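Asks: Kindly generate the corresponding structure for this input.
(one chain, ligands or ions: 2)
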Amino acid sequence: LGAHNPLRALADAGWEAGSEGDGDTVHVFSLASGLLYERFLRIMMRTVLQRTKSRVKFWLLANFLSPTFRAATARLAAALGCEIELVEYAWPPWLRAQTEKQRLIWGFKVLFLDVLFPLSLKRVIYIDADQIVQGDVGELWRLDLGGAAVGMTPFCQDAPNEATMGFRFWADGYWKGHLGGRPYHISALFVVDLELFRAAGFGDMYRDTYNALTADPNSLSNLDQDLPNYLQAAAPIHSLPEAWLWCETWCSKSTKAAAKTIDLCNNPLTKEPKLDQAQRIGGARWAEIDAEMETLLAGDKSSPKEEL
Ligand code: UDP
Ligand code: CA
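Replies: Ligands and ions are numbered 1, 2, ... in the order given. Sure, this is the predicted structure:
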């Protein structure tokens, strides 16, 4: 992309990465359905804010949020010291429907990135609700994506968890051939240069490919992750440093302390429930924030007349 990289041209013209007219604010996108994931979401947001020097604005997909969560949004933003805006999007009738809730949510994660946000938003960082952030996401905000519209972290390769090597389905067979030497990335956190993504028509490419591939119900089994990885040759993914995504399932314990985010990804060996994982892996920091958020919510209930 080099010389013809539109991002570079804009940077040269004094345009600031991700600016929505508020150059210093970092914009984060996330989504949640169900009370457990809403609980995770609040904790994730708190962990971002604890470690990020810049102001942060969260864009949350409203489609699956409970009425309670929606009603408490302004109060949550005030308590956390951030901006929160809810975005809603109707699944287009021409796009193959998903009957399973989890797959529907995975679809919303990646299929509408070009149309979910106002055009003035030039960059966004997606973070899974079940994530504990330890680094300053401002680094991702300013990161040069090398001309790619999407940045994602490859599954731990430098220091993998030896116990799950056998589950790396992308390391051989169909995926190995299709990737042609490119890494298979984890989709729990990603950076999108929205301007480039929109200009290149990657939203249409994602949706068209999704529609074509899901004609076979067995394809895209990890929808939100398989789709961008599958399309890498046409829509390149910039590989983020591995410290940006640590998860116990795939990474060696030796790299946990230096991790900038921790995802509670599903473990095919143990099938440990998410909440147990959160309490065990998140430790004291997670528990403390969980209690803090619970107190905040209890405050909501004990003062029903207060504007939520
Ligand atoms: N998610 C959700 N409700 C669900 C499943 C998923 O809200 O029932 C959202 C949530 O933001 C979650 C993300 O989708 O972090 C990705 O799913 P998950 O973290 O469960 O996938 P894993 O990390 O286990 O692969
Ligand atoms: Ca996750």
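Asks: where in the chain is pLDDT low?
Replies: 1-22, 300-308 (pLDDT under 70).
Asks: and it, which residues reach ligand 1?
Replies: 30-34, 37, 101-102, 105, 128-130, 188, 263, 265-266 (C-beta under 6 Å from any ligand atom). No exception for glycine: its C-beta is placed from N, CA and C like everyone else's.
Asks: So which of these belong to helices?
Replies: Gly34, Tyr37, Lys101, Gln102, Ile105 (DSSP state H).
Asks: filter the residues you listed to the buried ones?
Replies: Applying 16 or more other C-beta atoms under 10 Å to these, the neighbour count classes Tyr37, Ile105 as buried.
Asks: the helices in the chain, which residues?
Replies: Under DSSP H, the chain gives helices at 6-12, 34-51, 67-71, 73-80, 101-110, 138-142, 173-179, 194-199, 202-213, 223-230, 274-302.
Asks: Now the fourth one: buried residues?
Replies: For helix 73-80, the neighbour count (16+ other C-beta under 10 Å) marks Thr73, Arg75, Leu76, Ala77, Ala79, Leu80 as buried.
Asks: ok, back up a step: quick check, nearest of the ones in helices among the residues of the chain next to ligand 1 to Ala62?
Replies: Distance to Ala62 across those (C-beta to C-beta) is lowest for Ile105, with 12.8 Å.
Asks: how many other residues sit next to the closest residue to that closest one other than its chain neighbours?
Replies: Ranked by C-beta to C-beta, 6 or more residues apart in numbering and with sequence neighbours excluded, the top spatial neighbour of Ile105 is Ser33, at 5.7 Å. Look at Ser33: counted by other C-beta atoms under 10 Å, it has 19 neighbours.
Asks: Contact partners for Ser33?
Replies: The contact partners of Ser33, by C-beta atoms under 8 Å, 6 or more residues apart in numbering, come to Phe64, Leu65, Lys101, Ile105.
Asks: and stretch 217-231, does that touch ligand 2?
Replies: No: for stretch 217-231, no contact with ligand 2 is found by C-beta under 5 Å from the ion; the gap never falls below 9.8 Å.
Asks: So what's the residue count around the residue lying closest to Lys274 once chain neighbours are set aside?
Replies: Closest residue to Lys274 apart from its sequence neighbours, by C-beta to C-beta, 6+ apart: Leu264 at 5.5 Å. Burial of Leu264 is recorded as 26 neighbouring residues (other C-beta under 10 Å).
Asks: for Leu264, phi and psi?
Replies: phi -90, psi 60 (degrees, to the nearest 10).
Asks: quick revisit: now the residue nearest to Ile105. Its backbone dihedrals?
Replies: Torsion angles, degrees, to the nearest 10, at Ser33: phi -130, psi 140.
Asks: For it, give its distance to Leu86.
Replies: Distance, Ser33 to Leu86, by C-beta to C-beta, to the nearest Å: 14 Å.
Asks: Would you mind listing the residues touching both of the two?
Replies: Shared contacts of Ser33 and Leu86, counting by C-beta under 8 Å, 6+ apart, come down to Leu65.
Asks: Would you list the phi and psi of Pro273?
Replies: Torsion angles, degrees, to the nearest 10, at Pro273: phi -60, psi 150.
Asks: Please identify which of the contacts of Ser33 is nearest to Leu41.
Replies: For the contacts of Ser33, the nearest to Leu41 is Leu65 (8.8 Å; C-beta to C-beta).
Asks: Contacts only, for that closest one.
Replies: Neighbours of Leu65 in contact, by C-beta under 8 Å, 6+ apart: Ala32, Ser33, Glu38, Leu86.
Asks: what does this protein put close to ligand 2?
Replies: Residues of the chain lying near ligand 2 (C-beta under 5 Å from the ion): Asp128, Asp130, Ala188, Asp263.
Asks: Show me which of those residues are buried.
Replies: Buried, going by 16+ other C-beta under 10 Å: Asp128, Asp130, Ala188, Asp263, out of the residues of the chain next to ligand 2.
Asks: got the contact list for the last one?
Replies: The reference is to Asp263. Asp263 neighbours (C-beta under 8 Å, 6+ apart): Asp128, Asp130, Gln131, Ile186, Ala188, Leu189, Leu245, Trp246, Cys247.
Asks: Thr25: which of those is nearest?
Replies: Leu189 (18.4 Å).
Asks: Convert the C-alpha atoms of stretch 146-160 to PDB, please.
Replies: Taking Å, rounded to 0.1, in the frame of the first residue of the first chain, the C-alpha atoms of stretch 146-160 are listed here in PDB:
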ATOM      1  CA  GLY A 146       1.100  -0.300   8.100                       C
ATOM      2  CA  GLY A 147      -1.600   0.500   5.500                       C
ATOM      3  CA  ALA A 148      -4.000  -2.200   6.700                       C
ATOM      4  CA  ALA A 149      -7.600  -1.300   7.700                       C
ATOM      5  CA  VAL A 150      -7.700  -3.900  10.500                       C
ATOM      6  CA  GLY A 151      -5.200  -4.800  13.300                       C
ATOM      7  CA  MET A 152      -5.500  -8.000  15.200                       C
ATOM      8  CA  THR A 153      -3.200 -10.100  17.400                       C
ATOM      9  CA  PRO A 154      -2.100 -13.500  16.200                       C
ATOM     10  CA  PHE A 155      -2.800 -16.400  18.500                       C
ATOM     11  CA  CYS A 156       0.300 -16.700  20.800                       C
ATOM     12  CA  GLN A 157       3.000 -18.100  18.600                       C
ATOM     13  CA  ASP A 158       6.200 -16.900  20.400                       C
ATOM     14  CA  ALA A 159       5.200 -18.400  23.700                       C
ATOM     15  CA  PRO A 160       2.200 -20.800  23.200                       C
END
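Asks: Cool, thanks, talk later.
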